[in-house]
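Trainee: Okay, here's the prediction I keep looking at, along with the sequence it came from:
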Amino acid sequence: MVKPDRLIVGVSGASGLIYAVRALEALRDLGVESHMVASKAAEMTLHYETDMSIKDFRAKADQVYKMPDVGASIASGSFHTRGMLITPCSVKTMSEIATGVTSSLLTRAADVVLKERRRLVLMVRETPFHLGHIRTMEALTEMGAIICPPLPAFYAKPKTLDDLVNQSVGRALDLFDLDWDSTRRWGEDLEGGRR
């Protein structure tokens, strides 16, 4: 049996909606089916941070689910995926996943990914962190999740905000073995990184 190539994209209300937009665009470029669930707060953040309509944002995903739909396909371990990327990931969303108390499809899908031992990558976007946040990240790491804050990679000599966003999204997609062309790599396509 050939498994469909799918990735779940969860979108919380933290600042940084452009990371979700770019991840969905990258998945389309790569031919990977995207299954998106976005919180109401994410849609509010979209309004504050971009000129994009909710309709246009949703159109970037192959499949869109509503937050209360805990009977959706992505809420079941029998639905094959590469895993789940949550971008941006708020501390609230991260904390809910860590406790296993899943009150929405966003956190239920993440819980399923963990129980099925698939890859869960959280692009945590709030800062600074207090000790409780760090302990939550530690717990999630012990459970198998990967904490991957979108941090700038200046070795890639970014010239625009898009360059910074693309690099962070590309590095997160690397964790799913997805090689997106917009990712600049040390030792490969960066002159200063050659030996």
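Mentor: Structure's in. What do you need?
Trainee: all helices of this structure, in order?
Mentor: Using DSSP state H, the helices assigned to the chain run over residues 17-30, 40-49, 54-59, 91-99, 105-115, 131-143, 161-174.
Trainee: pLDDT weak spots in the chain?
Mentor: Applying pLDDT under 70 to the chain flags residues 1-2, 189-195.
Trainee: Which positions within stretch 45-55 qualify as buried?
Mentor: For stretch 45-55, burial by neighbour count (16 or more other CB atoms under 10 Å) applies to Thr45, Leu46, Met52. For glycine as for every other residue, the C-beta is placed from the backbone atoms N, C-alpha and C.
Trainee: What of stretch 111-131?
Mentor: In stretch 111-131, counting by 16+ other CB under 10 Å, buried: 111-114, 116, 118-126.
Trainee: Now it - C-alpha only, CSV.
Mentor: Output of stretch 111-131 as CSV, limited to C-alpha atoms (Å, rounded to 0.1, in the frame of the first residue of the first chain):
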residue,chain,number,x,y,z
ASP,A,111,-1.9,14.4,20.7
VAL,A,112,-2.7,11.7,18.0
VAL,A,113,0.6,12.5,16.2
LEU,A,114,2.5,11.9,19.5
LYS,A,115,0.6,8.7,20.3
GLU,A,116,1.3,7.3,16.8
ARG,A,117,5.0,8.2,17.3
ARG,A,118,4.9,10.6,14.3
ARG,A,119,6.8,13.8,14.0
LEU,A,120,5.3,16.8,15.9
VAL,A,121,7.2,20.1,15.3
LEU,A,122,6.2,23.2,17.3
MET,A,123,7.3,26.6,16.0
VAL,A,124,6.8,28.2,19.4
ARG,A,125,6.5,32.0,18.9
GLU,A,126,6.2,33.7,22.3
THR,A,127,9.1,35.2,24.2
PRO,A,128,10.6,35.5,26.7
PHE,A,129,10.0,32.2,28.4
HIS,A,130,9.6,31.7,32.1
LEU,A,131,10.6,28.4,33.8
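Trainee: how far does stretch 43-53 sit from the chain's center?
Mentor: 17 Å (CA atoms, centre = their mean, to the nearest Å).
Trainee: neighbours around the residue lying closest to Ala42 once chain neighbours are set aside, how many?
Mentor: Using CB to CB, 6 or more residues apart in numbering and skipping residues adjacent in sequence, the residue nearest Ala42 is Val11, 4.2 Å away. Around Val11 sit 31 other residues, with neighbours defined as other CB atoms under 10 Å.
Trainee: Same check on Ala23?
Mentor: 29.
Trainee: Skip the chain neighbours and tell me the closest residue to it.
Mentor: In space, Ala23 is closest to Val169, 5.1 Å off (CB to CB, 6+ apart).
Trainee: so which of the buried residues of stretch 111-131 comes closest to Arg58?
Mentor: Met123 (19.6 Å; CB to CB).
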